[in-house]
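>>> Output the structure for:
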Amino acid sequence: MAKRNNRVKSTNDIELKDRLVAINRVTKVTKGGRTFTFAAIVVVGNENGIVGWGLGKANEVTAAIQKGVEAAKKNLIQVPVHKGTIPHEQIAKFGGSRVLLRPASHGTGVKAGGAMRAVLESVGVTDVLAKSKGSSNPHNLVKATIAALDEMRSPATVAQNRGISVEKVFKG
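Presented below is the predicted three-dimensional model:
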């Protein structure tokens, strides 16, 4: 699949909300005893079509979360959200995780679990059907969900490529 260029150029005027997806405690055994560090995976978004993820590692949980937020702000993508849902069905894969995202009618809600729910709510999707197949590793699940959202095409783009009106995209 072709790599899309939906990157957000500037984050100065965007109000982003962060969501903690997972914290992992890592133990290193040294001559002096055990050393604990923390890895936090964080998703940020403006709940209006912009989302990004980041991984932060530090000796304290709060520092790891802060580093994750800063990393997430550096790789934001723009996602087309059409009437509170995604424009079309999409399958994506990262590592052992596979995700399936399907548009849903108004009032359905976000039918997704765990890491996928955090990403979809951060992007501003209110109605979607999502299925996670394969690995439930939060890191790979977040990356697969972001990959699926990055491959989304807006109805206007599809109509322009086909040379038809936006109304015909949804009818045909």
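>>> Can you name the next helix or strand after the strand or helix carrying N24?
Applying DSSP states H and E as the criterion places N24 in strand 17-30. The C-terminal neighbour of strand 17-30 among helices and strands, as given by DSSP H and E, is strand 33-45.
>>> Would you mark the buried spots in that next one?
By neighbour count, and taking 16 or more other C-beta atoms under 10 Å as the criterion, the buried residues in strand 33-45 are F38, A39, A40, I41, V42, V43, V44, G45. Placement of C-beta: from N, CA and C, glycine included.
>>> mean confidence for the strand holding N24?
The average pLDDT within strand 17-30 is 94.
>>> which outside residues touch it?
Counting by C-beta atoms under 8 Å, 6 or more residues apart in numbering, the neighbours of strand 17-30 from elsewhere in the structure are 34-47, 53, 57, 61, 64-65, 68-69, 72, 114-115, 118-119, 121-122, 138-139, 142.
>>> mind running it again at 6 Å?
Contact partners of strand 17-30, identified using C-beta atoms under 6 Å, 6 or more residues apart in numbering, comprise 34-44, 69, 115, 118, 122, 138, 142.
>>> rewinding a little: would you point out the most distant pair within the buried residues of strand 33-45?
F38 and G45 (22.6 Å; C-beta to C-beta).
>>> returning to what we had before: take the buried residues of strand 33-45 and write them to CSV, including pLDDT and distance to S105.
Supplementary listing: the buried residues of strand 33-45 in CSV, determined by pLDDT from 0 to 100; distance: C-beta to C-beta, whole Å:
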residue, pLDDT, distance to S105
F38, 97, 41
A39, 97, 38
A40, 97, 35
I41, 97, 31
V42, 96, 31
V43, 96, 25
V44, 95, 28
G45, 93, 23
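>>> out of these, who's nearest H88?
Among the buried residues of strand 33-45, and counting by C-beta to C-beta, the member closest to H88 is G45, at 20.1 Å.
>>> how near is the closest residue to that closest one other than its chain neighbours to N46?
By the measure of C-beta to C-beta, 6 or more residues apart in numbering, the closest residue to G45 outside its immediate chain neighbours is S122, 3.0 Å from it. Using C-beta to C-beta, to the nearest Å, one obtains 8 Å as the distance from S122 to N46.
>>> Counting neighbours, go ahead and name the busier of the two.
Between S122 and N46, counted using other C-beta atoms under 10 Å, the more crowded position is S122 (25 against 17).
>>> How about the contacts made by that one?
S122 is in contact with R19, V43, G45, V51, counting by C-beta under 6 Å, 6+ apart.
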